[in-house]
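Visitor: Predicted coordinates and the sequence they were generated for:
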Amino acid sequence: EEKSEIKSTWQNGYHVVSGDNNFRLKFGGRIQHHFSFFNQDQDVENLLGSLDNGSEFRRIRFYNSGTIYKSGQYKLQLNYSEGAASLADVWVGLTGIPFIGNLRVGHLKEAFSLDMMTSSNNITFLERALVTAFKKQRNSGISIFNTVMNQKLIWAIGLFQNTDKFG
């Protein structure tokens, strides 16, 4: 039996990879803090009322994700906001399934729009587009998805049940 060397690196999170690449773990997170400072003249204050300065944590997330034997995947992401802890992503999946591509089951993002599927680490503005206010990002369910045309087109289909932030 050959001994497998474990490699660890830091790149957008802490990664641990087995020497044979069969097992990959990633630990990461984000803290996004919002500060607001207002200066208004008397006309604006008369029209809108007094605007208060303030700050709040928009997102505090910690996660662990990984790959097991190159085709098994999982993610556990916890969100701390609005004074409570909740689930962001808790799913298991398989990749490389013939004719289907990928399968995920658990509490995960619904493939509703590119804006919703993009991580909050990579969006341009603090808030997402208005259409996302009418649709929850994550629910409990099952999803199959894949890419075609050299990863230029993505298709996805899923069956989800409306759930709260705790799945």
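Guide: That came through, no problem.
Visitor: Please identify the buried residues of stretch 143-157?
Guide: The neighbour-count check on stretch 143-157 (16 or more other C-beta atoms under 10 Å) flags S143, I144, F145, N146, A156 as buried. C-betas here are computed from N, CA, C, even on glycine.
Visitor: Now do the helices in the protein.
Guide: 42-48, 114-117 (DSSP state H).
Visitor: re earlier: most widely separated two among the buried residues of stretch 143-157?
Guide: S143 and N146 (10.9 Å; C-beta to C-beta).
Visitor: Which neighbours do the two have in common?
Guide: Listed as contacting both S143 and N146 by C-beta atoms under 8 Å, 6 or more residues apart in numbering are A156.
Visitor: Return the helix or strand in this protein with minimum mean pLDDT.
Guide: When each helix and strand of the chain is scored by mean pLDDT, DSSP states H and E, helix 114-117 comes last, with a mean of 76.
Visitor: That one packs against which elements?
Guide: If contacts are counted by 3 or more C-beta pairs under 8 Å, 6 or more residues apart in numbering; DSSP states H and E, helix 114-117 sits against no helix or strand.
Visitor: How about residues contacting that helix?
Guide: Contacts of helix 114-117 (C-beta under 8 Å, 6+ apart): K109, E110, A111, I123, R128, A129, V131, T132, K135, Q137.
Visitor: out of those, which is most surrounded?
Guide: K109 (21 neighbours; other C-beta atoms under 10 Å).
Visitor: Pull the contacting residues for the residue nearest in space to the middle of the chain.
Guide: Centroid-nearest residue in the chain, with C-alpha atoms, centre = their mean: S119, separated by 5.4 Å. By C-beta under 8 Å, 6+ apart, no residues touch S119.
Visitor: pLDDT weak spots in this structure?
Guide: 1-4, 165-167 (pLDDT under 70).
Visitor: that older thread, next, the buried residues of the least confident helix or strand of the chain.
Guide: Quick answer for helix 114-117 (16+ other C-beta under 10 Å): M116.
Visitor: Double-check N146 against R104; I have them as touching.
Guide: No: using C-beta atoms under 8 Å, N146 makes no contact with R104, being 11.8 Å away.
Visitor: so what's the closest residue to S8 other than its chain neighbours up against?
Guide: Among residues not flanking S8 along the chain, V16 sits closest, at 5.0 Å (C-beta to C-beta, 6 or more residues apart in numbering). V16 is in contact with I6, K7, S8, R24, L25, K26, counting by C-beta under 8 Å, 6+ apart.
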